[in-house]
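**Q** Turn this into a structure:
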Amino acid sequence: MPKFLVQRWHGMHIVWALVLIFMLTVALAWYQWLLGLLGLALGGVVAVYGILAEKAFRNDLDDYVLTLSHRIKSAGNDVIGQLPFGIIIFNEDKEIQWHNAYMSTVIGRPSIVGEPLATHFPVLQQAAKDKDKETGIEVTINGRVYELLPRLKERILYVVDITERWMVKKRYEEEKLALGIVMMDNLEEVAQGMDEQQRALMLSKVTGEINEWAQKYGLFLRRLSSDRYMIITNQITLKGLEQSRFELLDDVREITIEQKLPMTLSIGFASGAENVIELGHLVQGSLDIALGRGGDQAVVKVGQRQSFYGGKSNAVEKRTRVRARVISHALRDLIKESDNVIIMGHKMPDMDSIGAAIGVMKAAQLYGKEAYIVLEGVNPAIQRMMDMLKEDEKLTKRFISPEYASGLIGKRSLAVVVDTHRATMVAEPRLLQATERIVIVDHHRRSEEFIDDAVLVYMEPYASSTCELVTELLQYIHERVVLDVREATALLAGITVDTKSFAFRTGSRTFEAASFLRRNGADSVLIQRMLKEDLEEYIRKAEIIRNAETYRECIAIAVADSGKQVPQLLIAQAADTLLNMTGIKASFVVGLRPDGLVGVSARSLGHINVQIVMERLGGGGHFTNAAAQLQGTVTEVTARLKQVLQEVEKEEGLFE
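**A** Here you go, the predicted model:
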């Protein structure tokens, strides 16, 4: 027991002794004053002894506290110095005032006191701007990974070594399961006209190439069917495949180049799912997106990231109409089971969007269903078409506003989206939430954004236009289809506009659809009247083209006057005209639209995939016809366009 505690114990006994002596002195003084005086003297002696004992106790207590504080301080300094993480104290000027010994091993120097904190930890400058943000920041110092935990209010920085934890986490991420599917896009089309020996030889070449590719990257490959393979690997290997940009796509296309239709592949990969079932759905979705974008490309889905590779060749036209017949029968059943049909195209509709909507409306009317077309407003691109349609009062009444459509649509209504597959692009996105029956008919290459809850999807990127697809559906949806002259003309106008009068993206099925419409009374002269240009607009288009410049000698880039607003139609027409110039393989036109956005229209002859370029800008479209709308100024968007062209040229071999 410490000495001062013993003294305290003695002191307490002295107090009790004094109390007892005082009581005895009072009692004795009552009987004999001399005894009382003697007791008083004794009490005084005890009191003096008690005072001296208390003083000694106080002195010993002070000595003990001082000794204990010194020991605690020494132990604290030793502990802080030996802590397995770094501690840095800095001042208001972000200069290091003190650090423990651990920091010397981190930095590799005996002392960094007096040096600016940003010299050693520049990442903290951003954290200093956000005083409320005190979350961990990972940095690498001398080959080790550390987590910085700033306490800005106290001006303290903790540095914790998390190398082992980081390596375990990295290894866990790298070894996550990744699934893939490789599919031959056009096996049947390529094999048509071949004998068995030629077919077997071609399949042997392609299969051998796929097997060599799998062995090169250590992939587990299993054949699911004659045209489909399954791949099992991990995320680190998948990263290597992405870095190689899936050269298998180019290799297979090159070894079958002697065929009239070279063999192409579509690849879907997925990783990062919570379970195998979800991973299976993701990989199938990735393959569907690759096929929906025209094939000959790979789509990789890792967590929330979705990446696209390839897509250097245009979509191959399907020679069979089996899919069109199957889709038409499914659409017929959906129409019969619905109360009414609400049809929507994209915002700022063009002739293809309006013509396709009229075709779907006709299909609904064949089965006695009320059908309406949602039209937000009439823009210059469809003004002449709408003037023609207004001549038919019954047809005009079928065009309704989004507000009126919201009162008609219900759970049993059928919503048909034409000429787009992006929810943000439709005339009124809220209408899609009012029904569970959604059908998509589109000819654009599938983008990352998609209406996932559609019950029927008919997307064929090989088609010239949505009007072509709808025309084919009409031929199978009912035994006797009789189109009005205006209805047939509207459908043919959509095909004519999207093919630039049958000059681009035109296949045999395009002419078959046009022939069917002509037999039903489509007026080509009326279409030419609708496509006539205004003299003033022609002059404005000429001014835009006059400012065009060439990039890499084969790409034309024209920028409209940033101080003038240009309709989207005029921007598109200028891009079409530039494409007709000698030596030009692709054209891009940038202009400020009346809605305040900067529009970019892109056109190509097929040598360059302009869809990839527009997707980098947030837009989309086709291999040869794409567009984007961006915030900002014309100058900023033009600079961004050139930057994207350089990136795509480096990554995709844009000019090969």
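**Q** can you pull out the strands in the stretch 151-300 of the chain?
**A** For the stretch 151-300 of the chain, strands defined by DSSP state E, counting those that start in this stretch occupy the ranges 156-161, 177-184, 220-225, 228-234, 265-271, 297-302.
**Q** Identify whichever of those lies nearest to V610.
**A** Distance to V610, taken as C-beta to C-beta, is lowest for strand 297-302 among the strands of the stretch 151-300 of the chain, at 14.8 Å. No exception for glycine: its C-beta is placed from N, CA and C like everyone else's.
**Q** which element follows the closest one toward the C-terminus?
**A** Using DSSP states H and E, the helix or strand that follows strand 297-302 in sequence is strand 305-310.
**Q** That next one: which residues count as buried?
**A** Buried residues in strand 305-310, defined by neighbour count with 16 or more other C-beta atoms under 10 Å: 306, 308-310.
**Q** Next, the angle from the helix or strand encompassing T638 to strand 305-310.
**A** Assigned by DSSP H and E, T638 belongs to helix 634-652. Relative orientation of helix 634-652 versus strand 305-310 (axes from the mean of the first three to the mean of the last three C-alpha atoms, to 10 degrees): 70 degrees.
**Q** thinking again about what came up before, for the strands of the stretch 151-300 of the chain, could you give me TSV that also reports mean neighbour count?
**A** Below are the strands of the stretch 151-300 of the chain laid out as TSV (neighbours: other C-beta atoms under 10 Å):
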stretch	mean neighbour count
strand 156-161	18
strand 177-184	22
strand 220-225	11
strand 228-234	18
strand 265-271	26
strand 297-302	24
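**Q** TSV please, covering these and showing mean pLDDT.
**A** Compiled in TSV, these are given as follows (pLDDT from 0 to 100):
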stretch	mean pLDDT
strand 156-161	88
strand 177-184	94
strand 220-225	92
strand 228-234	94
strand 265-271	93
strand 297-302	90
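**Q** May I see the ones you listed organised as TSV, with distance to A575 added?
**A** Output for the strands of the stretch 151-300 of the chain, formatted as TSV (distance: least, C-beta to C-beta, whole Å):
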stretch	distance to A575
strand 156-161	55
strand 177-184	34
strand 220-225	42
strand 228-234	38
strand 265-271	29
strand 297-302	24
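**Q** if we can go back for a sec, so what touches the helix holding T638?
**A** Helix 634-652 is contacted by residues 245, 312, 551-552, 555, 557, 559-560, 562, 588, 590-592, 598, 600, 609, 612-613, 616-617, 630, 632, 654-655 when judged by C-beta atoms under 8 Å, 6 or more residues apart in numbering.
**Q** try stretch 482-489
**A** Under the contact criterion C-beta under 8 Å, 6+ apart, stretch 482-489 has outside partners 358-359, 362, 388-389, 391-392, 395, 474, 491, 517-518, 520-523, 526-527.
**Q** same thing with stretch 445-460?
**A** Defining contact as C-beta under 8 Å, 6+ apart, one finds that stretch 445-460 is touched by 288-289, 292-294, 306, 311, 315, 318, 323, 327, 330-331, 334, 417, 421-424, 432, 436-444, 461, 469, 473, 611, 615, 620-623.
**Q** Could you tell me which ranges of this structure sit under the pLDDT cut-off?
**A** 1-54, 56-82, 126-135, 193, 259-260, 312-320, 652-656 (pLDDT under 70).
**Q** Go ahead and confirm D251 touches E209.
**A** Yes - using C-beta atoms under 8 Å, D251 is in contact with E209, at 5.5 Å.
**Q** same for the host helix or strand of E138, what does it pack against?
**A** Following DSSP H and E, one finds E138 within strand 137-141. Packed against strand 137-141 by the contact rule (3 or more C-beta pairs under 8 Å, 6 or more residues apart in numbering; DSSP states H and E) you find strand 144-151.
**Q** Name the nearest residue to A548, ignoring sequence neighbours.
**A** Nearest residue to A548 in three dimensions, chain neighbours excluded: A558, at 3.8 Å (C-beta to C-beta, 6 or more residues apart in numbering).
**Q** go on, A178?
**A** Among residues not flanking A178 along the chain, S271 sits closest, at 3.8 Å (C-beta to C-beta, 6+ apart).
**Q** can you map out the helices along the stretch 501-650 of the chain?
**A** 508-519, 524-530, 535-546, 568-578, 610-616, 634-652 (DSSP state H, counting those that start in this stretch).
**Q** quick one: the helices in the stretch 201-350 of the chain?
**A** Using DSSP H, counting those that start in this stretch, the helices found in the stretch 201-350 of the chain span residues 235-243, 248-255, 276-292, 322-337.
**Q** Output the ones you listed as TSV; include the columns mean neighbour count and distance to V378.
**A** Listed next are these as TSV, based on neighbours: other C-beta atoms under 10 Å; distance: least, C-beta to C-beta, whole Å:
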stretch	mean neighbour count	distance to V378
helix 235-243	17	45
helix 248-255	18	43
helix 276-292	18	31
helix 322-337	16	27
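**Q** Distance to F90 for these - can I get that in a markdown table?
**A** What follows is the helices of the stretch 201-350 of the chain, written out as a markdown table (distance: least, C-beta to C-beta, whole Å):
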| stretch | distance to F90 |
| --- | --- |
| helix 235-243 | 39 |
| helix 248-255 | 54 |
| helix 276-292 | 47 |
| helix 322-337 | 68 |
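**Q** mind checking which of those is nearest L605?
**A** Per C-beta to C-beta, nearest to L605 of these: helix 248-255, 19.0 Å.
**Q** on that earlier part again, and the helices of the stretch 501-650 of the chain as JSON lines, adding distance to I181?
**A** Formatted as JSON lines, the helices of the stretch 501-650 of the chain follow (distance: least, C-beta to C-beta, whole Å):
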{"stretch": "helix 508-519", "distance to I181": "28"}
{"stretch": "helix 524-530", "distance to I181": "43"}
{"stretch": "helix 535-546", "distance to I181": "45"}
{"stretch": "helix 568-578", "distance to I181": "36"}
{"stretch": "helix 610-616", "distance to I181": "22"}
{"stretch": "helix 634-652", "distance to I181": "23"}
